[in-house]
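Asker: sequence plus predicted model, see below.
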Amino acid sequence: MKKILFSTMGLFFACNTSQKTVTEEPKSVKEIDVTTIASSITEDELKEHLYVYASDEYEGRETGQPGQKKAVEYIKKEYEKLGIPAAKKDGDYFQNVPLKLNNVPSGKIVFNNKDYNVGEHVLTFNAANLNFNSISYVGFGIEVDNYSDYKDIDVTDKIVLLKSGEPIDDNDNYIISGSKEKSIWSNASEAIGKKIKIALDKGAKGVLYYDSTSYNRFKSRFNFMKENNSGRMEVIDKTKKQFASLFIDTFLAKNIYPEIDTNNVPKILEKPLSIEVASTDNTLNSENVVAILKGSEKPEEYIVISSHLDHIGVTPEGEINNGADDDGSGTVALLEIAEAFKKAEKLGQGPKRSIVFLHVTGEEKGLLGSQYYADFDPIFPLENTVANLNVDMIGRIDPKREGDRNYIYLIGSDKLSIDLHNLSEEVNKKYTNIELDYTYNDENDPNRFYYRSDHYNFAKNNIPIIFYFNGTHDDYHRPTDTPDKINYDLLENRTRLIFYTAWEVANRDKRLVVDSTTK
């Protein structure tokens, strides 16, 4: 799972994954029991896959590096063995994801003839050279149905100054929610990207983002990147215009506009500002691996089951981060789920809706593979995507958790579709009896896990999701995350739960009802 400011998903008689024995097909489809299909998901096969996939040979599977290339080849070959075709029409299992590594920038902004160097009172992760005669202050920088900070101001080709948070009325009610409850605009993990996108869509050329609470977090990340000579990776967007995103501290924010903490009224600040920031960028290519099992009755409706195939590579000291749990566990779970669905198809009871098996790259670099699939090149239409079941770390036990070890954290199941949440609960009671723990589903959870794995790029497009997660542990993002520490009995049961859930979503008469939206 991504560690930033801000996994997934055999047979009856076989000793390895390259030798599959399929029982004789029954005479009647009605004779097939889904539990028989699910029994092909076994501890032994999960373990066999994982001891290869999370071995030293794969060098920690860092995005764009040789170990990641080995990983995608392994996944591809497994789908070829299973006879599950590539999702792309040209028969290529690989969806190329063009990436750019922005090295830590250097430079300054100049305000009122005074220099503010990058890394001191201002932070940015991208190069920009822009000049402005004035600054457009837009308060909180929010625009929704019942509220807009932009209604009396034109920010086309301007630099926008905005702040974190959301407006409150004289009775201490949040204006957007109309109650004492905060809205998503108070959630930094989600609001930053939304506010910047609004300014970009309004024609602005840049944003000065003031968030006194989060600034030190951004600075820690900036300093880490600078000290480790690393950079920020992003998807190459050839249509993207030059746009500057800068985070400023309280000192600079109040120099620009002394009333910024108390005055929310948009206004033009007749003060010049220039941005002089340079950086060297490197390009690299990486790949998602995407396969599909076509539905028998509703082939144009899709359930996407996802996991991320990458990890964080090798430490500066030369130790390999094998990533057995993160997210080797999700990767091998997905391969076993794919085998189970293929077995059902061979026995004459394939899923009614299509199942897309999506292994994404670049999760550890910022959810980049899933972003590319959702925002740049969805192989299948998002409007026809019924649900995303995302699995990121399901092979271990959270040491902070008390109680029965047979549990799994579920995140996001009720955020867009109560229908999906109820189905998930019913499936678990019927088949697996795992304790479904919703601790991290809380809107106020400081870990913000809902925004930290690949399901979020589907959720932001109003596609119902479930994120399956075992929680973190002492080996998280360390060389000690190795296959011998996986609880394979739990991995088997959790993988079967995901299969059963996907099975029910795929075969129900009506598609899931979306009763909420992400705005």
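Answerer: Arrived safely. Numbers count the residues shown, from 1 in each chain.

Asker: and the one helix or strand residue 253 maps to, what does it pack onto?
Answerer: Here residue 253 sits within helix 250-256, counting by DSSP states H and E. Applying 3 or more Cβ pairs under 8 Å, 6 or more residues apart in numbering; DSSP states H and E, we find helix 250-256 packed against strand 106-111, strand 159-163, strand 206-210. Where C-beta positions appear, they are placed from N, C-alpha and C, glycine not excepted.

Asker: and it, what's its mean pLDDT?
Answerer: Across helix 250-256, pLDDT averages out at 97.

Asker: now do that helix: distance to the chain's middle.
Answerer: Distance, stretch centre to chain centre, for helix 250-256: 33 Å (Cα atoms, centre = their mean, to the nearest Å).

Asker: list the buried residues of it.
Answerer: Neighbour-count burial for helix 250-256, counted by 16 or more other Cβ atoms under 10 Å, picks out 252-253, 255-256.

Asker: ok, stretch 54-69 next?
Answerer: For stretch 54-69, burial by neighbour count (16+ other Cβ under 10 Å) applies to 54-55, 58-65, 67-69.

Asker: with stretch 285-301 instead?
Answerer: Buried residues in stretch 285-301, counted by 16+ other Cβ under 10 Å: 286-293, 295-296, 298, 301.

Asker: could you measure from residue 41 over to residue 250?
Answerer: Noted for residue 41: a distance of 53 Å to residue 250, by Cβ to Cβ, to the nearest Å.

Asker: ok, now residue 77?
Answerer: 54 Å.

Asker: which residue packs closest to residue 308, ignoring adjacent ones?
Answerer: Nearest in space to residue 308, with sequence neighbours left out and distances taken as Cβ to Cβ, 6 or more residues apart in numbering, is residue 363 at 3.4 Å.

Asker: check contacts around the one you found.
Answerer: Listed by Cβ atoms under 8 Å, 6 or more residues apart in numbering, the contact set of residue 363 reads 1-2, 308, 310, 327, 369-370, 392, 453-454.

Asker: which of the residues you listed sit farthest apart?
Answerer: Greatest spacing in those, by Cβ to Cβ: 1 and 369 (13.6 Å).

Asker: neighbour count for these two, which is higher?
Answerer: Counted by other Cβ atoms under 10 Å, residue 1 and residue 369 do not tie: residue 369 has more neighbours, with 31 against 25.

Asker: show the pLDDT at the closest residue to the more buried one other than its chain neighbours.
Answerer: Spatial nearest neighbour of residue 369, chain neighbours left out: residue 360 (3.2 Å); criterion: Cβ to Cβ, 6+ apart. If you check residue 360, the pLDDT there is 98.

Asker: ok, residue 360 - how many residues close by?
Answerer: For residue 360, the count of nearby residues is 32 (other Cβ under 10 Å).

Asker: got JSON lines for the buried residues of helix 250-256, with distance to residue 183 too?
Answerer: Shown next, in JSON lines, are the buried residues of helix 250-256 (distance: Cβ to Cβ, whole Å):
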{"residue": "252", "distance to residue 183": "27"}
{"residue": "253", "distance to residue 183": "23"}
{"residue": "255", "distance to residue 183": "30"}
{"residue": "256", "distance to residue 183": "26"}
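
Asker: out of those residues, which is nearest to residue 268?
Answerer: When the buried residues of helix 250-256 are ranked by distance to residue 268 (Cβ to Cβ), residue 256 comes first, at 12.5 Å.
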